[in-house]
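*Asks:* Pasting the sequence and the predicted model now:
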Amino acid sequence: MTPPLVTSRARAGAVRGRRSRRAVLGALAHLPPKWNGVQPGGTLSAGTALAPHQATEVGNYFISNYPPYSRWNAGHNHKFLHKLARMPEPEPLDLYVHLPFCRQHCHYCYFRVHPRREAGDVNRYLDAILKELDSYGRFPALRNRRFGAVYFGGGSPSYLEPDQIRRLLGGLQERSPWDAVEECTFECEPGTVTAEKLDALKSLGVTRLSIGFQSLNDEILDRAGRDDTSADCLRAFREARDAGFDEINIDLIAGLPGETDETWRQTVEQVLALAPECVTIYQLELTYNSALFASIRAGQQVNLPDWTAKRRWVQQAFQMCEETGYVIASGYAAVRNPQWWRFVYTVDHFWHGADCLGLGESAFGHIQGIHYQNLDTFEDYTGAVESRQLPLKRALRLHPEEKLRREVILLLKTGCLDVDYFRDKFKADIRAHFRPQFERLAEEGFMEIDSKAVRLTRKGLLQVDTFLPILYLPEHAGIRYT
């Protein structure tokens, strides 16, 4: 059976996403268990730091979710299972598939990956993904719901061979038709991209590629532990265009070991010459479970650019993007065609609190107000699924105040919060709700506030993740993020 293709960018029903996108591009206390409202922001200590130490020190910088993962625990798993047994609220539902395979484990990477796994292991894992989706199809909260967006992350999903790509995507579509999917993103490592793989992805409804260049300097790529070369990156992009992909994102990392003003400028110039639809730039963070930190802890001398240099390079890249006609759409992304650009999975849905079914080892998801994460080793995950059990590791039920804060924190990354949106959804005026925090951010030159919106200045946008923790509830302040 030939799987159905993704429909051609149907936009019906996407009012919330359009409203958020207009705002973005146009602006460029613990609660009792049964409490049903939202409360004003917690205390803000006068000594709370709004920027990190200038040196790149170990710890998490990038904030991908809230509350912190360290608060998720197995004690909430039964609440997640209870939610699955109930009919859902009318929220969009997306699909995230984690593919933890790579040719290498980059020195800065902190994701769960398995370098150079044999085909038999990969096939066993793909079987588990499909069986996991079968298991979720039994529950009322997910039964007969259509996915609005699909995201394949890793690892390097492009590590899969063409027949494995067809088997996985075809199997997913046979179990849950993709007729409502507006966007399907597939992450690619340049050195594993081939014309045959791209043709398979295109024929199976992938609409958006995210290619991880990270740098176009071969020495920097080598020092980062990557098998890719700059020639691999350029070839992968050209082949993606030849395959008919008209929505391509290129990922870069500012602050890799060995980066200089000149190497960074050259990389950005070469990327812009390709004219991708989106350029996403992350600032290097030194995480506890990275090989880079292990080397430093073992006594190896590693010279990492400091935060001042990383912010300067992102600012320079943003300026170069704007001079080329791009528009800054978040603290990380510049887009070439803002009149039609959308990032449905992340911005329109995930950052707005929509449901997301996460499949695969260590995958994260969010269903009906409850965060959850899967078991995080290959054997534990595949073994659980093969035993017909949900591979659930931990979960967290969010109360109303946490839901509000989560959306404020995540949507602030776009640079603009729509006051009316939060009033309509949460019955809260965020300007009053977070008055102490917002006033301090404004005093620091990070934020501007008016009757319609709360906007970050460029200074604030460049370091948004550094001050988001001041919006945490007091019990979440100062704890380890992961």
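*Replies:* Perfect, I can see it now.
*Asks:* got the contact list for Asp251?
*Replies:* Ser210, Ile211, Gly212, Phe213, Gln214, Thr280, Ile281, Tyr282 (C-beta atoms under 8 Å, 6 or more residues apart in numbering). In this view, the C-beta of every residue, glycine as well, is placed from N, C-alpha and C.
*Asks:* Tell me how far the second one lies from Gln270.
*Replies:* Meaning Ile211. 13 Å (C-beta to C-beta, to the nearest Å).
*Asks:* which of these two has more neighbours?
*Replies:* Comparing Ile211 with Gln270 by other C-beta atoms under 10 Å, the one with more neighbours is Ile211, at 23 against 15.
*Asks:* Can you give me the neighbour number for the residue nearest to that one when sequence neighbours are not counted?
*Replies:* Spatially, and ignoring its direct neighbours in sequence, Ile211 is nearest to Cys188 (4.8 Å; C-beta to C-beta, 6 or more residues apart in numbering). Look at Cys188: counted by other C-beta under 10 Å, it has 26 neighbours.
*Asks:* Cys188 reaches Ala236, doesn't it?
*Replies:* Yes: Cys188 lies in contact with Ala236 (C-beta atoms under 8 Å); the separation is 6.5 Å.
*Asks:* Pull up the overlap in contacts between these two.
*Replies:* What both Cys188 and Ala236 touch, as defined by C-beta under 8 Å, 6+ apart, is the set Ile211.
*Asks:* part of a helix, is Glu475?
*Replies:* Yes: the assignment for Glu475 is a helix, going by DSSP: H, G, I helix; E, B strand; the rest coil.
*Asks:* 671 is where my numbering starts, stick with that
*Replies:* Renumbered: residue one is now 671, and that last one reads Glu1145.
*Asks:* gap between it and Gly729?
*Replies:* 19 Å.
*Asks:* quick one: contacts for Gly790?
*Replies:* Under the contact definition (C-beta under 8 Å, 6+ apart), no residues are listed for Gly790.
*Asks:* Just say helix, strand or coil for it.
*Replies:* Under three-state DSSP, Gly790 comes out as helix.
*Asks:* Pull up the gap between it and Arg1058, please.
*Replies:* Gly790 is 21 Å from Arg1058, where distance means C-beta to C-beta.
*Asks:* quick one: low-confidence ranges for this structure?
*Replies:* Scanning the chain for pLDDT under 70 picks out 671-723.
*Asks:* quick one: Gly1085 from Phe963, how far?
*Replies:* Gly1085 is 30 Å from Phe963, by C-beta to C-beta.
*Asks:* between the two, who's got more neighbours?
*Replies:* Shown here are Gly1085 and Phe963; by other C-beta under 10 Å, Gly1085 has more neighbours (25 against 19).
*Asks:* Is it correct that that one is in contact with Leu1126?
*Replies:* Yes: assessed by C-beta under 8 Å, Gly1085 is found in contact with Leu1126 at 4.6 Å.
*Asks:* quick one: common contacting residues for these two?
*Replies:* Gly1001, Val1134.
*Asks:* Which residue is the nearest non-sequential neighbour of Ala913?
*Replies:* Leu868 (3.8 Å).
*Asks:* who does the helix or strand that neighbour falls within touch, helix- and strand-wise?
*Replies:* In this assignment (DSSP states H and E), Leu868 forms part of helix 865-873. Helix 865-873 sits against helix 832-845, helix 900-912, with contacts defined as 3 or more C-beta pairs under 8 Å, 6 or more residues apart in numbering; DSSP states H and E.
*Asks:* immediately after the last one, which helix or strand?
*Replies:* Once the chain leaves helix 900-912, the next helix or strand it forms, by DSSP H and E, is strand 918-924.
*Asks:* Reformat the contacts of Asp921 as a markdown table; add distance to Ile1140 and secondary structure.
*Replies:* Below are the contacts of Asp921 laid out as a markdown table (distance: C-beta to C-beta, whole Å; DSSP: H, G, I helix; E, B strand; the rest coil):
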| residue | distance to Ile1140 | secondary structure |
| --- | --- | --- |
| Ser880 | 30 | strand |
| Ile881 | 35 | strand |
| Gly882 | 31 | strand |
| Phe883 | 33 | strand |
| Gln884 | 30 | strand |
| Thr950 | 25 | strand |
| Ile951 | 24 | strand |
| Tyr952 | 21 | strand |
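*Asks:* Please tabulate the residues you listed in JSON lines and include distance to Arg1093 as additional columns.
*Replies:* Below are the contacts of Asp921 laid out as JSON lines (distance: C-beta to C-beta, whole Å):
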{"residue": "Ser880", "distance to Arg1093": "34"}
{"residue": "Ile881", "distance to Arg1093": "39"}
{"residue": "Gly882", "distance to Arg1093": "39"}
{"residue": "Phe883", "distance to Arg1093": "41"}
{"residue": "Gln884", "distance to Arg1093": "40"}
{"residue": "Thr950", "distance to Arg1093": "31"}
{"residue": "Ile951", "distance to Arg1093": "33"}
{"residue": "Tyr952", "distance to Arg1093": "32"}
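*Asks:* The stretch 721-870 of the chain: strands as residue ranges?
*Replies:* 763-769, 771-772, 784-785, 819-824, 853-858 (DSSP state E, counting those that start in this stretch).
*Asks:* between those strands, which gets nearest to Arg1093?
*Replies:* Comparing the strands of the stretch 721-870 of the chain against Arg1093 with C-beta to C-beta, the closest turns out to be strand 763-769 (25.5 Å).
*Asks:* Mind listing residues that contact the closest one?
*Replies:* Contacts of strand 763-769 (C-beta under 8 Å, 6+ apart): 782, 795, 799, 812, 815-827, 829-830, 838, 842, 846, 1014-1015, 1019-1020, 1024-1035, 1044.
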